[in-house]
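# how does the following fold in three dimensions:
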Amino acid sequence: MMTLHIDDVKKHSRAGDLIDFLKDRNGGSFAMGIADISPAFAQWYVKEIADNCRAMDGRERRKYAVENRGLCLLISYTAEIIQQSKDIKLTDKTFAVA
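Model prediction:
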């Protein structure tokens, strides 16, 4: 099982290389197939994660009950992105946010 610390998520999302870092950390694979098909989606997703990291910096434990586990933080932030109800359109190899 992949171990990931919150600081890893923050550092690599801000650097823009979160998906590559997760693939490397997990031995070359990561269950994010859409990122391979649509680099635009991968860039958008990492930016959204970085924005959440900046907005919640230091308050992750209070809001999400996450203190150390970066994977739990990623899940929480992904759920937050989905809850924001952005108009996301994914089609064959294309991605758009309206």
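
# so what does the longest helix belonging to the chain touch, helix or strand wise?
As assigned by DSSP state H, the longest helix anywhere in the chain is helix 39-56. Judged by 3 or more Cβ pairs under 8 Å, 6 or more residues apart in numbering; DSSP states H and E, helix 39-56 is in contact with helix 6-15, helix 18-25, helix 33-37, helix 70-83, strand 94-97. Glycine gets a C-beta too; all of them are placed from N, C-alpha and C.

# got the angle between it and helix 70-83?
Comparing the axes of helix 39-56 and helix 70-83 via axes from the mean of the first three to the mean of the last three Cα atoms, to 10 degrees yields an angle of 100 degrees.

# what distance do you get for residue 59 to residue 53?
To residue 53, residue 59 is 11 Å away according to Cβ to Cβ, to the nearest Å.

# do residue 41 as well
Counting by Cβ to Cβ, the gap from residue 41 to residue 53 is 18 Å.

# rewinding a little: dump the helices and strands packed on helix 39-56 into a markdown table; add distance to residue 49, mean neighbour count and mean pLDDT as well.
As requested, those are exported to a markdown table (distance: least, Cβ to Cβ, whole Å; neighbours: other Cβ atoms under 10 Å; pLDDT from 0 to 100):
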| stretch | distance to residue 49 | mean neighbour count | mean pLDDT |
| --- | --- | --- | --- |
| helix 6-15 | 4 | 19 | 94 |
| helix 18-25 | 6 | 18 | 87 |
| helix 33-37 | 12 | 14 | 69 |
| helix 70-83 | 5 | 17 | 89 |
| strand 94-97 | 15 | 14 | 67 |
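
# so which of these is nearest residue 48?
Evaluated over those, closeness to residue 48 peaks at helix 70-83, with 5.0 Å, by Cβ to Cβ.
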